[in-house]
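J.: Predicted model and sequence follow; I will ask about them next.
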Amino acid sequence: MGTYIIIGIVIVIGLIGIIGAIIPGIPGPPVSFIGFLVAWLCLDNDFSYWYLIVTGVLAALITVLDYYMPVWGTKKFHGTKSGMWGSTIGLIVSIFVLPWLGITIGPLGIGGLLLGPFLGALIGELIAKNNKNAFRSALGSFVGFLLGTFIKFVYCIVIMVFIIKIVF
């Protein structure tokens, strides 16, 4: 009976991780890793401890990288330092200010997280008088955000496959 409860908990944690890879406010990779860790510790499995180390390090790296990707995208799309700062400020506002205002789920919550780095980069470029590349730089920020989300999603799916392999 206890094993079934653990299996249920681990599967729910893995699913929350996958949802968190897409929805703001839930750190998808760390949550997925916790599900894998609990499964690895509590259930019989064939995974060595190296899987834990590698997946844990990847979860940490992907989580940090996710916050850097919009800034990277801004830079890659020929944004200036003002655009990169704007993208960073927009990301911070969308992560911390919108939830503080009670906006976390719904069109403005997700839209705010998508638009925060985009609008921040756009405003930063316009302030720096980089009108020619302003939209392009903002688009790069958006592309970076989408790339970060994709990487998180793939990681969480792979971890869920590991969890399912342990459970079944």
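T.: Yep, it's here. For clarity, every value in this text was computed on a predicted model and none was experimentally measured.
J.: Could you use CA atoms for every contact and neighbour count after this?
T.: Fine.
J.: packing partners for the strand or helix carrying Gly144?
T.: Gly144 is part of helix 134-167, with elements assigned from DSSP states H and E. When contacts are defined as 3 or more Cα pairs under 8 Å, 6 or more residues apart in numbering; DSSP states H and E, helix 134-167 packs onto helix 2-22, helix 28-42, helix 49-76, helix 81-92, helix 107-127.
J.: closest to Ile159 out of these?
T.: With distances scored as Cα to Cα, the stretch of the helices and strands packed on helix 134-167 nearest to Ile159 is helix 28-42 (6.4 Å).
J.: where does the protein dip in pLDDT?
T.: Flagging of the chain using pLDDT under 70 yields the residue ranges 1, 24, 98-113.
J.: ok so, going back, tilt between the helix holding Gly144 and helix 49-76?
T.: For helix 134-167 and helix 49-76, the angle between their directions (axes from the mean of the first three to the mean of the last three Cα atoms, to 10 degrees) works out to 170 degrees.
J.: from the chain's centre, how far out does helix 134-167 sit?
T.: Taking Cα atoms, centre = their mean, to the nearest Å, one finds helix 134-167 lying 6 Å from the centre of the chain it belongs to.
J.: Ok, stretch 21-37 next?
T.: 8 Å.
J.: Turn the helices and strands packed on helix 134-167 into CSV, including distance to Phe142.
T.: Supplementary listing: the helices and strands packed on helix 134-167 in CSV, determined by distance: least, Cα to Cα, whole Å:
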stretch, distance to Phe142
helix 2-22, 14
helix 28-42, 19
helix 49-76, 6
helix 81-92, 9
helix 107-127, 6
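J.: Of all these, which one comes closest to Lys165?
T.: Taking Cα to Cα, helix 28-42 is the member of those nearest to Lys165, at 10.0 Å.
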